[in-house]
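Enquirer: Fold the following for me, if possible:
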Amino acid sequence: MPYEPPFLQEESSFLDRFPQTLCLVDTMGMIMSMNQRGQDIFCRPGQCAAGRPITALFAPDERERFAQEYSRAVNDVASPPSLYTAFDRNRIRFNVLPVFTPAKEGIWVSLVRADAVSVQHSFDTRDDLASLLDHFPLAFFETNERGVITYANRYGILEFGFTEEDFKKGLNAYDLVNLPEERLAPRTVPVKYRTPGCREYTLRRRDGSTVPVIISSVSVTREGEVVGTRGVVVDISAIKATLNEFVQRDKMHNLVASLTRHEQLNLLTYIMGCIDIAASTTHEPEVEEYLQKSLNAAGLIKKHIDFSRKVQHLGTAAPAWHDLDAAIASAQSYLGTAVQGFAVHSETGGARVLADTLFDRVFYILLENSLRHGKGVTEVRVRVEGSKIVYEDNGSGIPTEEKKKIFDLGYGKNTGLGLHLASQILAATGIEIREEGVPGKGVRFVLSVPTDRIRSL
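Expert: From the prediction side, this is the model:
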């Protein structure tokens, strides 16, 4: 779940409150959004994490292992917490502990830095490990076969309001969580027959208050026998509160946008009605011509208003298979008579592409870009080369110094939204776009489509 939804772009300051890297990742493992902390660590200036596979953040020899663990998280399969080696933007290694939180669209992945942990260090005693865990900013615990907590690190004790005396009296882990019966194994069932895993729970603090947490656990075995459970507890109340703010603000934005569009359409319908009436009361050819042009322009405005409604839900609808020729033809219809200024040659071989429902709008943006900035464009060609879609025109091209900026939000001579929006629509389904044209000889946009998302006849 994977693109960057518009509301995440607008409310990114909420994600930036978190001290760790926080990513929203789709079920295919592609990053849809990353908070500023993560961008500062993993991305060079001008780079964007959205659209990259999350495995790219890790050392090459650990990517397959992470991909397998992430797949288990997507499929809600138990997986013990595991350390990984990550690379920052300067290729400096550091250790992270991934924490997975299910989301409506994909998985929230929090990468907790674990620099204090050396995977090459060998602990001689259990006391050494306990001393390290006491200073680790996550709650760790261990239970016996009856669920009685036999160990909790100091951070965990303080985080949830307990004291060491509480644990000495024999706290049972199953007394501290509230879960539907189908998720909570009865205490009478021996530990060796229960299935540890990574789940969301409601945990009861010592003062009786509750907090949402993710508990990732694994069975503890000695001499081949399961004798208890060991795991980590992550407080996700801040994430929950932030997500709720996202939902509420998104609802408000959608409501305001919907009401605004409704009023605009009402006014536009009235204007088009007046134009029809005016056309019926005159027989002057020149006047009729201008009235018809006004009516055509109003029709295009209606199309744009309808498109703004679709953009509001970018990435929320399931991808669909698009006939590439039909998508290009649809894009031309948005431009109306303006596109008659140059020829559009479609050489796609009947290719079909699995992409966001707004896929045709990408070609409208490219055509509109050629029309507005091409300086004398007379011809546009779109063709398929393997799993790549190539868009070319014979205009003036893009200066070398601008090539890295054209997809940035706000960059451009008009709204600064066009090519940025095109890249976001494509990124929603893992399609990358780049410009490879020669300045002075026209643009050459290359859309790299995942091989399993393009089909040719």
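Enquirer: Only C-alpha atoms from now on, for both contacts and neighbour counts.
Expert: OK.
Enquirer: Do a quick rundown of the strands in the stretch 1-150 of the chain.
Expert: Taking DSSP state E, counting those that start in this stretch, the strands of the stretch 1-150 of the chain run over residues 21-25, 31-34, 84-87, 93-102, 107-113, 139-144, 149-152.
Enquirer: Show me the one of those strands that comes nearest Gly418.
Expert: Nearest of these to Gly418, taken as C-alpha to C-alpha: strand 31-34 at 19.4 Å.
Enquirer: Show the pLDDT at the closest residue to Thr143 other than its chain neighbours.
Expert: If the residues on either side of it in the chain are set aside, Thr143 comes closest to Ile149, at 4.2 Å by C-alpha to C-alpha, 6 or more residues apart in numbering. Here, the pLDDT recorded for Ile149 equals 87.
Enquirer: Pull the contacting residues for Ile149.
Expert: Residues near Ile149 by C-alpha atoms under 8 Å, 6 or more residues apart in numbering: 141-143, 167, 170-173.
Enquirer: which two of those residues lie the greatest distance from each other?
Expert: Going by C-alpha to C-alpha, the pair spanning those furthest: Phe141 and Gly170, at 13.3 Å.
Enquirer: Comparing those two, which shows the higher neighbour count?
Expert: The neighbour count for Phe141 versus Gly170, taken as other C-alpha atoms under 10 Å, is higher for Phe141 (21 against 12).
Enquirer: That one bridge partners, please.
Expert: Taking DSSP bridges as the rule, Phe141 bridges to Ala152, Gly231.
Enquirer: Check the gap between it and Gly208 for me.
Expert: Distance of Phe141 to Gly208, given as C-alpha to C-alpha, to the nearest Å: 20 Å.
Enquirer: now do Lys441
Expert: Lys441 is 71 Å from Gly208, by C-alpha to C-alpha.
Enquirer: Please apply the same query to Ala114.
Expert: Counting by C-alpha to C-alpha - Ala114 and Gly208 are separated by 31 Å.
Enquirer: for the longest helix belonging to the chain, packing partners?
Expert: If you go by DSSP state H, the chain has its longest helix at helix 237-280. With contacts defined as 3 or more C-alpha pairs under 8 Å, 6 or more residues apart in numbering; DSSP states H and E, the packing partners of helix 237-280 are helix 6-10, strand 210-222, helix 285-311.
Enquirer: distance between that helix and the chain's centre?
Expert: 24 Å (C-alpha atoms, centre = their mean, to the nearest Å).
Enquirer: now the angle between strand 21-25 and it, please.
Expert: 50 degrees (axes from the mean of the first three to the mean of the last three C-alpha atoms, to 10 degrees).
Enquirer: average pLDDT for helix 237-280?
Expert: 76.
Enquirer: Please apply the same query to stretch 287-294.
Expert: pLDDT averaged over stretch 287-294 gives 85.
Enquirer: quick one: contacts of that stretch?
Expert: 275, 278-279, 282.
Enquirer: With only the CA atoms kept, save it in CSV.
Expert: The C-alpha trace of stretch 287-294 is given here as CSV (Å, rounded to 0.1, in the frame of the first residue of the first chain):
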residue,chain,number,x,y,z
VAL,A,287,-21.3,35.4,-31.9
GLU,A,288,-22.4,31.8,-32.3
GLU,A,289,-18.8,30.7,-32.7
TYR,A,290,-17.7,32.4,-29.5
LEU,A,291,-20.6,31.0,-27.6
GLN,A,292,-19.8,27.5,-28.8
LYS,A,293,-16.1,28.0,-27.7
SER,A,294,-17.4,29.2,-24.3
